[in-house]
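**Q** requesting a structural model of the entry that follows:
(one chain, ligands or ions: 1)
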Amino acid sequence: MTRAEDFDENERRAVYRAIRERRDVRRGFLPEPIPDELLHRLLEAAHNAPSVGLMQPWRFIVVRDLAVRRKVHEIFLKANEQALASYEGEQQQNYAGIKLEGILEAPQNLCIVCDSQSSQGHQLGRRTMPETAIYSAVCAVQNLWLAARAEGVGVGWVSILEPGLLRSTLRIPDQITPVAYLCLGYVNAFSKEPDLERAGWEKRTPLKSVLSLDQYDSDWSEGGLA
Ligand SMILES: Cc1cc2c(cc1C)N(C[C@H](O)[C@H](O)[C@H](O)COP(=O)(O)O)c1[nH]c(=O)[nH]c(=O)c1N2
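**A** A predicted model of the protein is given here:
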């Protein structure tokens with residue numbers, strides 16, 4: 001038996017680079033729509049995600065219509081106003097200055113939803129953890145996010161949306177869960193660091209602070225394991 005080593009050095013590097021340089025993009029979207037073939041490749045990448053019991057519970061709703069994006073943007077504005085009101089003082093000022101969506105600037109939006117009641121997969125792996133259907137849909141989001149980075153397409157996740165309003169706007173039935181509302185479009189450049197870090201909102205933690213190596217009595221205090 002030989003070890004599988006069918007990625008050459010450049011291919012390995014490319015995978016890690018896409019992971020490291022993927023960013024949540026909220027600004028700088030170019031108005032030119034992404035071609036259908038590229039959108040299709042990104043959706044194929046998403047559709048190749050792992051899923052519990054091979055359930056493939058994700059469903060993709062492509063939103064290009066400006067009128068619909070305007071409605072979703074209104075939903076964002078309302079939720080964002082409430083979010084702003086939940087902070088105080090300097091933090092509130094900081095929040096107010098952070099751009100948190102590109103719904104209108106990005107020429108395509110994509111809503112990834114989950115059909116948790118689908119019988120595909122015959123419940124394998126889901127009896128104990130039914131939430132794994134949603135986790136599977138999130139894996140699809142990440143696949144698309146990474147593939148998009150390699151294609152020079154920015155992706156921004158918007159969760160500052162009241163799901164009921166999103167449901168009625170996109171006519172998503174009750175049994176289907178909206179998982180991710182994404183803004184997609186070409187960009188000229190990707191930031192080196194997360195926007196939230198640049199804005200001074202939060203810092204990335206080092207791996208070692210979230211890692212326990214064969215130690216089960218860690219201190220689970222706020223901010224990491226010690
Ligand atoms: C489930 C979920 C939900 C959201 C996000 C992400 C995820 C995983 N992120 C993006 C988030 O802010 C970003 O990933 C982190 O700040 C790290 O930055 P990079 O993704 O590394 O650029 C995000 N960003 C934003 O501007 N508005 C939003 O509503 C959300 N919502």
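**Q** and the ligand, is stretch 71-89 touching that?
**A** No: Stretch 71-89 stays clear of the ligand (CB under 6 Å from any ligand atom), getting no nearer than 8.2 Å. The way it works is simple: take the backbone N, C-alpha and C, and place the C-beta from them, glycine included.
**Q** can you pull out the helices in the protein?
**A** Remark: helices assigned in the chain by DSSP state H are 9-21, 36-47, 66-85, 89-96, 132-150, 163-170, 195-198.
**Q** can I get the ones you listed in TSV with mean neighbour count and mean pLDDT?
**A** Putting the helices of the chain into TSV (neighbours: other CB atoms under 10 Å; pLDDT from 0 to 100) gives the following:
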stretch	mean neighbour count	mean pLDDT
helix 9-21	11	98
helix 36-47	17	98
helix 66-85	15	98
helix 89-96	12	98
helix 132-150	21	98
helix 163-170	16	98
helix 195-198	14	97
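**Q** could you export those to a markdown table, including columns for distance to residue 102?
**A** Listed next are these as a markdown table, based on distance: least, CB to CB, whole Å:
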| stretch | distance to residue 102 |
| --- | --- |
| helix 9-21 | 18 |
| helix 36-47 | 16 |
| helix 66-85 | 10 |
| helix 89-96 | 17 |
| helix 132-150 | 13 |
| helix 163-170 | 16 |
| helix 195-198 | 11 |
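**Q** point out the residues in the chain that sit beside the ligand.
**A** 23-24, 26, 100-101, 156-160, 194, 196.
**Q** of these, buried ones?
**A** 23-24, 26, 100-101, 156-158, 160 (16 or more other CB atoms under 10 Å).
**Q** how about the nearest residue to residue 188, chain neighbours excluded?
**A** residue 28 (6.3 Å; CB to CB, 6 or more residues apart in numbering).
**Q** that neighbour against residue 154, yeah?
**A** Yes: here residue 28 reaches residue 154: they are 7.0 Å apart, a contact under CB atoms under 8 Å.
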